[in-house]
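> take a look and give me a structure for this.
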Amino acid sequence: MTDFEAIDALLASAARDRAPLPSAQERRRLREGLHLSRAQLAAALGVSASTVGGWESGREPGGEVREKYAYFLGGARTKLDAPAPADVDGPADGPADEPAEADQLVDTDDVGELASPQPCVLCGQPARYEVDGFPQHLDPAQCGATEPEQIITPARTEKPTPQPASQRPAAPAQQTGRTAEHGVKVVPVGRRAQAASDTPDLIGSAVTAALTDHHGDVEAATATLVKRAIPDAMALLDHTRKGGRYDIVAHPWLPDILRKQTARGADQIWEARPKWTRPELPASQHEVTALDINGAYLSALKTHLPLGQLEHSTGDHHDKRRAGLHLITPPMWEHNAVLPNPLGQRDEPGPLWVTEPTLRLLLRLAGPKYGLCDPPEIHESWTSGSTEGLLEKFRTTLRDARDHAISEDDAVTLEYVKAMYSKFVSTLGESNYNRELYRTDWMHLIRSQAFANLWTKAFKAYDEGLMVVRAMGTDELHVIGDWRAVFPEGRGVTEVKVKDVYTVGSDPQQPGEAPDGTS
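Residues are numbered from 1 along each chain as shown. Next up is the predicted model:
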């Protein structure tokens, strides 16, 4: 390239940076006017959904992507301002609902289209895509394993041709109640569907029996249910695994890295628990909101779990079809002033053993989409073939029971369910309370997934323009700014609730100080 060509390229790039853009509010209005999700627009522009959200909150794109974004916004305005075509055959069907956006970083490089449909690893029905090498449905509405209760309705393709009355099938007998209004609810059982009414409600039956035994005494019934939470969780796991695609290896041989070094000590696995406080705030008075992430361990049950006994391998290579533990040299993290280290607070340098969720998070952050760090160096691994949906029906059963308990203000069921999933995770290791399932590797992976999920929420807050102040454990995130524009508020597992609101800094002339105590 000549000097003049280089100058022309520089001028062209500068011209792109000056492409005019409408206000942040108008950008969102144009996208929503076309009934497009942030994820759909992000895929077309080659960025993340959270980046589009940042632009719609006032952040400015630059370079070539700014020109593409301006082109989209101009086309969207033209399309929305164009007169609607004449309605000849009657009103058209409305647009489909906007798909929900994920709260975690999605690596679209892991998604591929299959040459021919194959059985989904979660529900067994034909799927056209694969995720991490496993056939899966990308749309949760199409997957029978993502929601334990579904309504069977015929697929709509085109308007039916009216039939003469003599050729119409006889009308069914008059029905009453919810079944007549909504149809028959079913749940997936292996590759088949079964009426929800035929499926035993193990959680509801246990709560009813406990309340009956204690003559309606809520505290006594709750104490009894919490005490038996572990065996009940194992019974529920067995029930939800009936017809499952994979068998669970309950007591595999485990490598020495998963064994405690001393009687009261720990093993060699680093779970990347966050314990981070922003070192400095701008000089001013700030209102900080401490958010509570609901059902952190419950959500973390959806993670890549190794199916069988762990096998050893060496070399700097990551197989996406396997999961387990990896000895890595972690990359340098240069963003501690605004974001916690995804590896957690670790003072000792050098290699360390991390879990699959931590490694996958680091690899995504090192990729071209984010470019926040260098890739970690993998020295050796203990892994097995894996699936992300192994505990999916177990998780969704607990989630639905939790949601129903909240809607009905049922404190007994709520405490019982919380004890089931929290104690299930905590007793997977060397525990005298759970002799049925001994998977220390699973315990570390599920915990690490909860920590990775919290880090992802911290990144989303930062990417949407909030100031992240603290990130602690599995469920505590402190932020400054309009967090309700980023996270839905509520008690559901996809929502957050306020744990505390406090003020930091008082005199604009004095530098702000980050809080030094846990709220």
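
> and the closest residue to Glu356 other than its chain neighbours, how far is that from Tyr433?
Counting by CB to CB, 6 or more residues apart in numbering, Glu356 lies nearest to Ala323, which is 4.2 Å off, once chain neighbours are set aside. Every C-beta, even on glycine, is put in place using the N, C-alpha and C of the backbone. Plainly put, Ala323 is 26 Å away from Tyr433 if you go by CB to CB, to the nearest Å.

> returning to that earlier point: which is the succeeding secondary structure element to whatever helix or strand the residue nearest to Glu356 lives in?
In this structure, Ala323 is located in strand 322-329 according to DSSP states H and E. On the C-terminal side of strand 322-329, the closest following helix or strand by DSSP H and E is strand 352-355.

> elements contacting that next one?
Other elements packing on strand 352-355 under the criterion 3 or more CB pairs under 8 Å, 6 or more residues apart in numbering; DSSP states H and E are strand 269-270, strand 322-329, helix 440-463.

> can you give the distance of it from its chain's centre?
On the basis of CA atoms, centre = their mean, to the nearest Å, strand 352-355 sits 22 Å off its chain's mean C-alpha point.

> using CSV, list the CA coordinates for that strand.
Extracted C-alpha coordinates of strand 352-355, given in CSV (Å, rounded to 0.1, in the frame of the first residue of the first chain):
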residue,chain,number,x,y,z
LEU,A,352,-3.5,-23.8,39.4
TRP,A,353,-6.3,-26.3,39.0
VAL,A,354,-9.6,-24.7,37.8
THR,A,355,-13.0,-26.1,36.8
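
> for the record, mean pLDDT for that strand?
Strand 352-355 comes out with an average pLDDT of 96.

> quick one: strands adjacent to it?
Partners of strand 352-355 in the sheet, by DSSP bridges, are strand 269-270 (parallel), strand 322-329 (antiparallel).

> deepest of these, which one?
strand 322-329 (a mean of 23; mean count of other CB atoms under 10 Å).

> and the angle for that strand with helix 440-463?
70 degrees (axes from the mean of the first three to the mean of the last three CA atoms, to 10 degrees).

> other residues contacting strand 322-329?
With contacts defined as CB atoms under 8 Å, 6 or more residues apart in numbering, strand 322-329 is touched by 257-258, 269, 304-306, 310, 318, 350-356, 359, 362, 376-386, 441, 444-445.

> quick one, which of those are buried?
Buried members of these, scored by 16 or more other CB atoms under 10 Å, are 257-258, 269, 304-306, 310, 318, 352-356, 359, 362, 376, 378, 380-386, 441, 444-445.

> thinking again about what came up before, including distance to Gln345 and mean pLDDT, could the strands paired with strand 352-355 go into JSON lines?
Output for the strands paired with strand 352-355, formatted as JSON lines (distance: least, CB to CB, whole Å; pLDDT from 0 to 100):
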{"stretch": "strand 269-270", "distance to Gln345": "11", "mean pLDDT": "95"}
{"stretch": "strand 322-329", "distance to Gln345": "17", "mean pLDDT": "97"}
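
> for these, which one sits closest to Ser23?
strand 322-329 (44.4 Å; CB to CB).

> quick one: the closest one to chain centroid distance?
21 Å.

> how about that strand as CSV, C-alpha atoms only?
Output in CSV follows, covering the C-alpha atoms of strand 322-329 (Å, rounded to 0.1, in the frame of the first residue of the first chain):
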residue,chain,number,x,y,z
ARG,A,322,-15.6,-32.9,27.5
ALA,A,323,-15.7,-31.3,30.9
GLY,A,324,-13.7,-31.5,34.1
LEU,A,325,-10.7,-30.0,35.7
HIS,A,326,-7.7,-28.2,34.1
LEU,A,327,-4.3,-27.2,35.3
ILE,A,328,-3.7,-23.7,33.8
THR,A,329,-1.4,-20.8,33.9
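
> low-confidence regions, the protein specifically.
For the chain, applying pLDDT under 70 flags the ranges 1-3, 9-18, 50, 83-112, 119-125, 130-199, 507-519.

> domain map for it?
Listed by automatic domain parsing, the domain ranges of the chain are 3-81, 109-149+181-199, 256-504.

> rebuild the helices and strands packed on strand 352-355 as JSON lines, extending it with distance to Gly46.
Below are the helices and strands packed on strand 352-355 laid out as JSON lines (distance: least, CB to CB, whole Å):
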{"stretch": "strand 269-270", "distance to Gly46": "34"}
{"stretch": "strand 322-329", "distance to Gly46": "28"}
{"stretch": "helix 440-463", "distance to Gly46": "16"}
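
> secondary structure element for the spatially closest residue to Leu45 that is not a sequence neighbour?
Nearest non-adjacent residue to Leu45, counting by CB to CB, 6+ apart: Lys68, 5.4 Å away. Assessed by DSSP H and E, Lys68 sits inside helix 63-81.

> what comes up buried for that helix?
66-70, 72-73, 76.

> of all the helices and strands packed on strand 352-355, which one is nearest Arg346?
When these are compared by CB to CB, strand 269-270 sits nearest Arg346, at 6.8 Å.

> state the next helix or strand along the chain beyond that closest one.
strand 275-277.

> distance of Glu67 relative to Pro20?
Glu67 is 11 Å from Pro20, where distance means CB to CB.

> of the domains of the chain, which is nearest Arg245?
domain 109-149+181-199 (6.0 Å).

> so Ala235 belongs to a helix, correct?
Yes: applying DSSP: H, G, I helix; E, B strand; the rest coil, one finds Ala235 inside a helix.

> the closest residue to it other than its chain neighbours: neighbouring residues, count only.
Nearest residue to Ala235 in three dimensions, chain neighbours excluded: Leu202, at 6.6 Å (CB to CB, 6+ apart). Leu202: 16 surrounding residues under other CB atoms under 10 Å.

> now swap in Ser426 and tell me
Ser426: 16 surrounding residues under other CB under 10 Å.

> Arg29 too?
15.

> roughly how far apart are it and Ala485?
For Arg29, the distance to Ala485 - CB to CB - is 15 Å.

> Ala42 touches Gly54, doesn't it?
No: between Ala42 and Gly54 there is no contact under CB atoms under 8 Å: 10.8 Å.

> hang on, the earlier thing: possible to save the buried residues of helix 63-81 as CSV with distance to Leu225?
Shown next, in CSV, are the buried residues of helix 63-81 (distance: CB to CB, whole Å):
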residue, distance to Leu225
Arg66, 57
Glu67, 60
Lys68, 55
Tyr69, 53
Ala70, 58
Phe72, 53
Leu73, 55
Ala76, 53
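
> let me know the closest of those to Asp475.
Of the buried residues of helix 63-81, the one sitting nearest to Asp475 (CB to CB) turns out to be Tyr69, at 34.7 Å.

> wait, doesn't that closest one sit right on Gly62?
No: taking contacts as CB under 8 Å, Tyr69 lies outside contact range of Gly62: 10.1 Å.

> give me the nearest residue to Arg28, chain neighbours excluded.
Glu56 (4.2 Å).

> separation between that neighbour and Arg321?
Taken as CB to CB, the span from Glu56 to Arg321 is 36 Å.

> all helices of this protein, in order?
For the chain, the helices defined by DSSP state H occupy 3-17, 24-33, 38-45, 49-55, 63-81, 177-182, 202-213, 218-227, 229-240, 296-300, 356-366, 392-407, 411-426, 440-463.

> now could you export just the CA positions of the longest one as PDB?
Output in PDB follows, covering the C-alpha atoms of helix 440-463 (Å, rounded to 0.1, in the frame of the first residue of the first chain):
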ATOM      1  CA  THR A 440     -16.600 -34.000  44.300                       C
ATOM      2  CA  ASP A 441     -15.900 -32.800  40.700                       C
ATOM      3  CA  TRP A 442     -19.600 -31.900  40.200                       C
ATOM      4  CA  MET A 443     -19.600 -30.000  43.500                       C
ATOM      5  CA  HIS A 444     -16.700 -27.800  42.300                       C
ATOM      6  CA  LEU A 445     -18.100 -27.400  38.800                       C
ATOM      7  CA  ILE A 446     -21.600 -26.300  40.000                       C
ATOM      8  CA  ARG A 447     -20.100 -23.800  42.500                       C
ATOM      9  CA  SER A 448     -17.800 -22.400  39.900                       C
ATOM     10  CA  GLN A 449     -20.700 -22.000  37.500                       C
ATOM     11  CA  ALA A 450     -22.500 -19.900  40.100                       C
ATOM     12  CA  PHE A 451     -19.400 -17.700  40.500                       C
ATOM     13  CA  ALA A 452     -19.100 -17.400  36.700                       C
ATOM     14  CA  ASN A 453     -22.800 -16.500  36.400                       C
ATOM     15  CA  LEU A 454     -22.200 -13.700  39.000                       C
ATOM     16  CA  TRP A 455     -19.200 -12.400  37.000                       C
ATOM     17  CA  THR A 456     -21.300 -12.400  33.900                       C
ATOM     18  CA  LYS A 457     -23.900 -10.300  35.600                       C
ATOM     19  CA  ALA A 458     -21.200  -7.900  36.700                       C
ATOM     20  CA  PHE A 459     -19.900  -7.600  33.100                       C
ATOM     21  CA  LYS A 460     -23.500  -7.000  31.900                       C
ATOM     22  CA  ALA A 461     -23.900  -4.200  34.400                       C
ATOM     23  CA  TYR A 462     -20.600  -2.700  33.300                       C
ATOM     24  CA  ASP A 463     -21.400  -3.100  29.600                       C
END
